[in-house]
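>>> what would the 3D arrangement of this be:
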Amino acid sequence: MASRSLTLTRLLRPRSRMSLGNPQFTGHCSSFRKWSTTDAHNVYWGGKWIRRAMFGGTFVGLGALGYLSLGWDTDFSRTLKVLWALPLRLGRDALTAATIAIDYEYSLWGLPEGSIERTRAKHEVHLRCANRLQQLCFQNGGIYIKLGQHIGQLEYLIPEEYVQLMRASMLNKCPVSSYAQVCDVFMKELGKLPHEVFLEFDRSPLASASLAQVHVARTHDGRKVAVKIQHTHLTDTAAVDTATVELVVNILHWIFPAFDYRWLIDEVHESLPKELDFLYEAKNSEQCVYNFKRLSPHLAPYIYIPKVYWNLSTTRLLTMEFIDGVGVTDVDAMKRLGIRPSDVAKLISQAFAEMIFKHGFVHCDPHAANMMVQVAPSGKTGILGKRKPQLVLLDHGLYRVLDPLTRAHYAKLWKFVCRLLCLQMSRGSRRIVSN
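Model (predicted):
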């Protein structure tokens, strides 16, 4: 199958926590050496790894010349912005990649595998390099934030120092477009300013994510809506950033074969164009509604997808019904509504099980910010008189289609997991991958 759900991907990734760079040396170092930028001058420059790093940096620089051609556009101001930003972003990428590579090699030099010194050194270098990667993501923004968020979900593969830092920062410190930039998107997409399109429009965003931000507005007929607006710079830099990240990841894999995250680039190539097309997201949301009504009618009353206003939506601007719910992690708010958190957890599990095993059309970005809870309109109560919850699913930009054979293999795999049949688990995983 051409694409796999993130759930399958997460399950099938190897669970070993391999360090980024794992040279085998026979020497011994009695004390841990903390690496700094000036220490690079003391590294042995004749080594194979440093020659590769120097060549890789040169390759990145030469690659910049090729990517500059992506900046030419009929919009002269846009061309200037790209030409100004591109060398700077490439330079940051090259410097960060080289610094991380050198830090791992130098900090772990000569420390025996499995020793206390190596374990301590590895933890420290993970922390330093995670902070460097975080800084790069914030400086470049756009898809870098998206990559940082994805890294924060890879606790089964990436060292925990990276996961904890990215998870704590990337969801709460996303870039915010100015009101002038918002007006620019409105003019290009709808030919009017926000206050001309809507009766009311809140200039301050309600929330901001890696690719877009959401403003609250009210239509001329009085309906409250949420307007999702794509960050302006993404159109200019998305293709260039994707190519740049791919180049850096390939170079790092060439320098350190143990550092192989090329699969992440494959996922970005497949998912990013879809996430940048808000009309694709709107179609996904309506398909999700249709699937629950047709294939899971028993659960449909407890799943809600905000309505899309097609006449006020484009590829970069999406207008949806405003939903005033509570977060799926806000236990106190659920209790105030008379909803049991355990009922919410069960409903989420049921919803995604239906999507994976029955619909074959899976929402693949189900983090806490993309799900809300409200009281089910049916008025029914559950055990002990508690109200039944209704799950609100947001952000439908990333879906994966699972064919029947993959769903069958995946169902069998869970059957083997529940029965703790290790051999069958291994065979089931291979069947899913081969399919």
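>>> can you list contacts of the helix or strand containing residue 349?
When elements are assigned from DSSP states H and E, residue 349 belongs to helix 341-353. Under the criterion CB atoms under 8 Å, 6 or more residues apart in numbering, residues 7, 299, 302-303, 328, 331, 334-335, 362-363, 366, 371, 373, 382, 386, 388-389, 391, 393 lie in contact with helix 341-353. Every residue, glycine included, has its C-beta placed from N, CA and C.
>>> one more time with 10 Å
The contact list for helix 341-353, computed with CB atoms under 10 Å, 6 or more residues apart in numbering, reads 5, 7, 288, 292, 296, 298-299, 302-303, 326, 328-332, 334-335, 339-340, 359, 362-363, 366, 371, 373, 376, 382-383, 386-391, 393, 411, 414.
>>> now, those that are in helices?
Here DSSP state H is the test, and the contacts of helix 341-353 give 7, 288, 292, 331, 332, 334, 335, 411, 414 as lying in helices.
>>> can you lay out those residues as CSV showing neighbour count, pLDDT and distance to residue 152?
As requested, the ones in helices among the contacts of helix 341-353 are arranged in CSV below (neighbours: other CB atoms under 10 Å; pLDDT from 0 to 100; distance: CB to CB, whole Å):
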residue, neighbour count, pLDDT, distance to residue 152
7, 17, 39, 17
288, 21, 98, 25
292, 24, 98, 29
331, 14, 95, 22
332, 8, 95, 25
334, 23, 95, 24
335, 12, 93, 28
411, 13, 91, 29
414, 15, 88, 25
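>>> now distance to residue 274 too, for these, in TSV please.
Listed next are these as TSV, based on distance: CB to CB, whole Å:
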residue	distance to residue 274
7	18
288	14
292	21
331	33
332	36
334	32
335	37
411	26
414	27
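>>> what's the farthest-apart pair in those residues?
In the ones in helices among the contacts of helix 341-353, two members sit farther apart than any others by CB to CB. They are 332 and 411, at 36.4 Å.
>>> one step back: and the average pLDDT for the helix holding residue 349 is what?
Helix 341-353 shows a mean pLDDT of 96.
>>> tell me the buried residues in it?
Burial within helix 341-353, assessed by neighbour count using 16 or more other CB atoms under 10 Å, is assigned to 341, 343, 344, 347, 348, 350, 351, 352.
>>> which of the ones in helices among the contacts of helix 341-353 lies closest to residue 316?
Proximity of those to residue 316 was ranked by CB to CB; the top entry is residue 288 with 21.6 Å.
>>> is it true that residue 354 touches residue 296?
Yes - here residue 354 lies in contact with residue 296, judged by CB atoms under 10 Å, at a distance of 4.6 Å.
>>> quick check: neighbours shared by the two?
With the criterion set as CB under 10 Å, 6+ apart, the overlap between the contacts of residue 354 and residue 296 is residue 303.
>>> now the residue most central in space within the chain: phi and psi?
When the chain is reduced to its mean C-alpha position, the closest residue under CA atoms, centre = their mean turns out to be residue 150, at 3.7 Å. Per-residue torsions, residue 150: phi -70, psi -40 (degrees, to the nearest 10).
>>> what is the neighbour count of the nearest residue to it once chain neighbours are set aside?
When the adjacent residues along the chain are set aside, residue 150 lies closest to residue 264, with 7.0 Å between them (CB to CB, 6 or more residues apart in numbering). Residues within reach of residue 264, counting by other CB atoms under 10 Å, total 17.
>>> over the helix or strand hosting residue 264, what's the mean pLDDT, rounded is fine.
Assigning secondary structure by DSSP H and E places residue 264 in helix 262-275. With pLDDT averaged residue by residue, helix 262-275 scores 80.
>>> just stretch 303-320 next, same as before
Computed over stretch 303-320, the mean pLDDT rounds to 97.
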